[in-house]
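*Asks:* next come a sequence and a model predicted from it.
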Number of protein chains: 2
Amino acid sequence: MCAPEQSADDGTVTNSKWVLKARPQGIFDPKKDVAFKTESISNTDLADDEMLVESFMLSGDAFIRTMMDEEAYHGALSLGDTLPAIGYGKVVAAGPKSCHKVGTVVSGMIGAQTYAKIKSGGAFRHITFPFMTPTASLGLMGLTTGLTAYTGVFYVSRRPRKGETVVVTGAAGAVGSVAAQLAKATGARVVGVAGGPKKCQYLVEELKLDGAIDYKNSEKTLEEQITATCPDGIDFIYDNVGGSILDRLLSKINSNGRVVICGAISQYSGNLNKGKVEGPSNYLKLAEVGAEMKGFNVMQYMARVPLALCGMFYYFIRGKVRMTEHIEVGIQSFPHALAKMFSGGSNGHIGKMLVKVRSNLPK
Amino acid sequence: MCAPEQSADDGTVTNSKWVLKARPQGIFDPKKDVAFKTESISNTDLADDEMLVESFMLSGDAFIRTMMDEEAYHGALSLGDTLPAIGYGKVVAAGPKSCHKVGTVVSGMIGAQTYAKIKSGGAFRHITFPFMTPTASLGLMGLTTGLTAYTGVFYVSRRPRKGETVVVTGAAGAVGSVAAQLAKATGARVVGVAGGPKKCQYLVEELKLDGAIDYKNSEKTLEEQITATCPDGIDFIYDNVGGSILDRLLSKINSNGRVVICGAISQYSGNLNKGKVEGPSNYLKLAEVGAEMKGFNVMQYMARVPLALCGMFYYFIRGKVRMTEHIEVGIQSFPHALAKMFSGGSNGHIGKMLVKVRSNLPK
C-alpha cells in the first residue's frame, strides 16, 4: 500500500509526502489541491543541528487549511511546500549537534510525510501521560487541541460558573468536545452545536451535555433549537465556527456574557484572507447587554501551559474529560482525512482526527 | 415663528410637538417620517404625580434614530408617538403628589415638544456645574454624552495607557470628541476619524489630537490614512460608527488590543433591526492577536456615574476636556437638527447637537 520504505541504516530513506499543488478555491479538494511525491533523503543531507524523524502519527488541525491561502492567518505555504502537520516519530538519524539522539521519539512540526528532516531544536521529546493513550500529546494534552480548549474555557475571559449556560460550537470536534466537557466540569449547563443526529447524540449521550443543537436540522431552525436548549439565554459562547451560527447565538447573549473566539472553521474555506469573512452582524448585541468578545490563540498563553496540563490531568483522572479519537491509516489518507475534518456536518468525524502514518508503526 | 404659546396661568397651554408619522426607510427623512402637531394641555389633565414642564433645551442623541425602527435596540416608538428627547425645562404646573414644585427647572425625558406632561419621578432637578455652560448636563456631564465617553474610555476595558495608540471614530461628534480628549489625557497618542476636512481640522487644531483620518477623503484610502497616522498599529478603538471603518481599524489592532463598542451610527439608518447590520468581518483578528471587543451602554455603569462626574470635572478644570456646542433654535428645527446629526460627514455638525426650544427662553 505504502511506497516501500528503506531502512535508514544504509543512510538513505525514501520520503513520501504531500505538497501543496494549488491554492484551494473554496473547499479543500484533495484531488486538485495537493500532490503526492516521493524523494530520497540521505543522512549526508543533514546539517549539524538537523535530524531525520520517521513519522508515526500526525494530527489533523484546522490551521492547516488557513495556511493554504495566500495571505494566511497562521503564515502561508508556498506552492510545492509540504503540507504542515504536527506529529511525533522516531529519530532515525541525527547530525552531531542534534539535541535528540537516534531512537528518541520526538514531537514537533513533522509535516504530512513519512520522514521529516527538521532542526532538532524545533522538536521536543514525545511525552506520554499515565492512563492516557500514546496519542494524548496530540489530543487531550496537545497544544492545538486540549490545551486550546482549556485556555479558551479558563484563561481568556471570566470562566463559566455554576448556573450559567455555555454554548460550544463545533462541539463534536476535538477542541469543541474538550471545551464542552471542561465547561460542564465547572458546573455550568452546557449545550453543544454540531451537524447531524449522530454527532448530536454523541454530545448528549457520550459527553453528557445538557443539550445539543443540530445546525443541519431541516425541521427546526437554529433559532427554535437555541430557544429550546437555552431558555435563560447564553452566558458564555466558546466559538470554533463563526458565520451564521455565531450570529444566531449572539442574539441570545446575556448581560455580562462572554464570547471566546477560538476559530471560525465555517470561514476557512476561502472566505478568510479574501476579505469575505462573514462578520457577526449581531455584534451590537455586545453593547446592548454589555458583553465581551475576546479572541485568542494558545500561543499567547504559553506561560500557563504547565498549569493547564496539570488542570487537564486532574479533570481526566476524575473522569470529567476524555477524547474520542478518529484514526485514519497510511500517509496516503492524509488529505482525505483533512477533507473529512473540514467538511463537518454528518460527513465529518467525531473527536480528534489523527493519521497513523504506516499501519505497521507503533500507535 | 412658533405656534403662539399661552401662559400656564390660565391652566391651559398649547403644546407643539413632533410625532412619528412613518418608520424611516433607511435614512431619516424629516419630511416623510415626522409630523408637527399642536394640542392643548390643561392643568386639570395632570394626574396627582404628574407635572407640566415647559421645555427649554433638548439634546440630539443617536438613540432617537434607533427607537424609530420597529424592533428597536432601545425600545421602539409606536406610530403617532412623540419623538423622544432628553432635555430640561421649568415646571409650570404640578399635581399634588409631584416631587418637584412649580418654578423648579428639571431634567428628564421631555420629548421633542414645547410642553411635556410627565411623571414627576421621571425627572430630576436640573444640575448646573460651576464654570460650565448651563447645558453641561446634556453635554459634557450628560449621561448619553460625556458620561458615555468617560465610561467607554475608563471603565469598560483596560484604559488607554501612555505610549499606546487610540483611535476614536465619530471623533467630531459629541461622544467621540469627549472620548478622544479623555484618551489624550491618559497620555496615549490619539487619532480621530471624521468626515471632511473641516472636522479633521477641528480634531487636530482644536482638540489637539495626534492625527485625523478623513473617511470622506477621495485621494487617500482609509488604509493609507490609518497606516500613516498609526504606524505602530492600534491598541484601543473607541467605536461609535461600525461598518467598514471599524473593519479597517480592526485589521491594524495590536496584541492585547481593546475595542470598545459604544454604538454604530453607520448602521442605524435602516440596517439595525433588519438583520442587515454589517458585522466586522475582521473580527478574527481578535483571535489572531489576542484582542477583545467589549460593548457597553452607560446604563450598565450607573453605580460609577458619581465618580465619572468627579473625574470629568477634574479634567475640565485642568483644561483637558471641553465640549463644542451646536445649538439650533426653535422646536420646528428639531427634525432637521436630527437629520443633520445622522447625516454625518461634511454636512454634519461638530460637537454636541442641542435644540433650544424657543428663542426667548433661557439657554
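*Replies:* Looks like it came in fine.
*Asks:* and for the closest residue to A:Leu52 other than its chain neighbours, the neighbour number?
*Replies:* Excluding the flanking residues, the one nearest A:Leu52 by CB to CB, 6 or more residues apart in numbering or on different chains is A:Ala93, at 4.1 Å. Glycine gets a C-beta too; all of them are placed from N, C-alpha and C. As a burial measure, A:Ala93 scores 24 neighbours (other CB atoms under 10 Å in any protein chain shown).
*Asks:* ok, A:Asn360 next?
*Replies:* Other residues within reach of A:Asn360, judged by other CB under 10 Å, total 7.
*Asks:* where does it land in three-state SS?
*Replies:* Following DSSP: H, G, I helix; E, B strand; the rest coil, A:Asn360 is assigned to coil.
*Asks:* elements contacting the helix or strand harbouring the residue nearest to A:Leu52?
*Replies:* In the assignment (DSSP states H and E), A:Ala93 maps to strand A:86-94. Contacts defined by 3 or more CB pairs under 8 Å, 6 or more residues apart in numbering or on different chains; DSSP states H and E place strand A:86-94 against strand A:50-59, strand A:105-109.
*Asks:* how about whichever helix or strand comes after the first one as CSV, C-alpha atoms only?
*Replies:* What it means is strand A:50-59. Downstream of strand A:50-59, the next assigned helix or strand under DSSP H and E is helix A:63-66. C-alpha atoms of helix A:63-66 as CSV (Å, rounded to 0.1, in the frame of the first residue of the first chain):
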residue,chain,number,x,y,z
PHE,A,63,-4.8,25.7,10.9
ILE,A,64,-3.5,23.6,8.0
ARG,A,65,-6.4,24.9,5.9
THR,A,66,-5.7,28.5,6.7
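*Asks:* confirm for me that A:Asn15 is in contact with A:Ser40.
*Replies:* Yes - taking contacts as CB atoms under 8 Å, A:Asn15 lies within contact range of A:Ser40: 7.5 Å.
*Asks:* who has more neighbours out of those two?
*Replies:* A:Asn15 (22 against 11).
*Asks:* tell me what the more buried one is bridged to.
*Replies:* A:Glu39 (DSSP bridges).
*Asks:* how close does the residue most central in space within chain A sit to chain B?
*Replies:* Nearest residue to the geometric centre of chain A (CA atoms, centre = their mean): A:Asp61, 3.8 Å. In this view, A:Asp61 and chain B are 15 Å apart by CB to the nearest CB, to the nearest Å.
*Asks:* does the lowest-mean-pLDDT helix or strand in chain A reach chain B?
*Replies:* None of the helices or strands of chain A scores lower by mean pLDDT, DSSP states H and E than helix A:63-66, at a mean of 90. No - remark: helix A:63-66 sits outside contact range of chain B, by CB under 8 Å from any CB of the partner chain, the gap being at least 9.5 Å.
*Asks:* show me what that helix is packed against.
*Replies:* helix A:334-343.
*Asks:* could you list the buried residues of the helix it packs on?
*Replies:* Neighbour-count burial for helix A:334-343 flags A:334-335, A:337-342 (criterion: 16 or more other CB atoms under 10 Å in any protein chain shown).
*Asks:* then stretch A:308-324?
*Replies:* A:308-309, A:311-313, A:315-316, A:321-323.
*Asks:* CA atoms only for it - export them in CSV, please.
*Replies:* C-alpha atoms of stretch A:308-324 as CSV (Å, rounded to 0.1, in the frame of the first residue of the first chain):
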residue,chain,number,x,y,z
ALA,A,308,-3.2,23.8,32.0
LEU,A,309,-1.6,20.4,31.7
CYS,A,310,-2.0,19.8,35.5
GLY,A,311,-5.6,21.0,35.3
MET,A,312,-6.4,18.8,32.4
PHE,A,313,-4.8,15.8,34.0
TYR,A,314,-6.9,16.4,37.2
TYR,A,315,-10.1,16.5,35.2
PHE,A,316,-9.1,13.4,33.2
ILE,A,317,-8.3,11.4,36.4
ARG,A,318,-11.7,12.4,37.8
GLY,A,319,-13.4,11.2,34.7
LYS,A,320,-14.6,14.6,33.7
VAL,A,321,-12.9,14.8,30.3
ARG,A,322,-11.8,12.4,27.6
MET,A,323,-11.0,12.4,23.9
THR,A,324,-12.7,10.4,21.2
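*Asks:* which residues sit against that stretch?
*Replies:* By CB atoms under 8 Å, 6 or more residues apart in numbering or on different chains, the surrounding residues in contact with stretch A:308-324 are A:129, A:131-133, A:136, A:139-141, A:145-147, A:150-151, A:154-155, A:174, A:177-178, A:181-182, A:184-185, A:202, A:206, A:301, A:350-352.
*Asks:* same thing with stretch A:215-223?
*Replies:* A:193-196, A:213-214, A:225, A:228, A:244-245, A:248, A:345-346.
*Asks:* ditto for stretch A:15-27
*Replies:* By CB under 8 Å, 6+ apart, the surrounding residues in contact with stretch A:15-27 are A:2-3, A:5, A:32-41, A:65, A:68-70, A:77-83, A:111-116, A:269-270, A:331, A:334-335, A:342-343.
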